[in-house]
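Student: here is my input; please provide its structure:
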Amino acid sequence: MEKLLIGITPDLVFQIINTIILFLVLKHILFKPVLGIIEARENDIQDNLAKGELAKNQGIALKREYEEKINRAKEEGQEIIKQATLRAEKKSDEIISNAKDEATHIKEKATKDIEQERQKVINEIKDDISDIALLAASKVIEKDIDKNKHEDLIKDFIKKVGESK
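Tutor: The predicted model follows:
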């Protein structure tokens, strides 16, 4: 038969029992606290991950909210600019319309003033002509004719000359 290289001796049995006792003592004294620490650390990491995920979700929600507010502010700004542009165009059209009305009024007044001045000058010329005609007639006749009658004749003459032109 073959001989075993390792035999079961009382020392071997004593060492195996010592190893088992040492394992049980270490398990009770060392492994449980270390496993508790590891488990607590793992729970702490899980809590931190959950808090980080919650903070990330809150950050994303805040980002969306601020982006929406920015978009609304941009839209409101564009609407304000649009309204201001419309008001400016309306005011511009109103100013232009008022200026045109005023220019028309000034032109009509100037035309009316010109016509009045023209009529005034014509009347002055008629008066001057009648005075000259009276003076010439009185020089020719060398006597004074009734001035009112003579003016009526001259005005009639001027009126006929004016109508012929």
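Student: so which elements touch the longest helix along the chain?
Tutor: Counting by DSSP state H, the longest helix found in the chain is helix 32-141. Helices and strands touching helix 32-141, by 3 or more Cβ pairs under 8 Å, 6 or more residues apart in numbering; DSSP states H and E, are helix 147-164. Heads up, the C-betas are built off the backbone N, CA and C, glycines and all.
Student: which neighbouring elements make contact with the helix it packs on?
Tutor: helix 32-141.
Student: pLDDT-wise, which helix or strand of this protein ranks last?
Tutor: Least confident helix or strand of the chain, by mean pLDDT, DSSP states H and E, is helix 147-164 with a mean of 71.
Student: return the set of buried residues in that one.
Tutor: Buried residues in helix 147-164, counted by 16 or more other Cβ atoms under 10 Å: 150, 154, 158.
Student: from residue 43, how far out is residue 52?
Tutor: Remark: distance between residue 52 and residue 43 (Cβ to Cβ, to the nearest Å) = 15 Å.
Student: the inter-axis angle of the longest helix of the chain versus helix 147-164?
Tutor: Angle, helix 32-141 to helix 147-164, by axes from the mean of the first three to the mean of the last three Cα atoms, to 10 degrees: 120 degrees.
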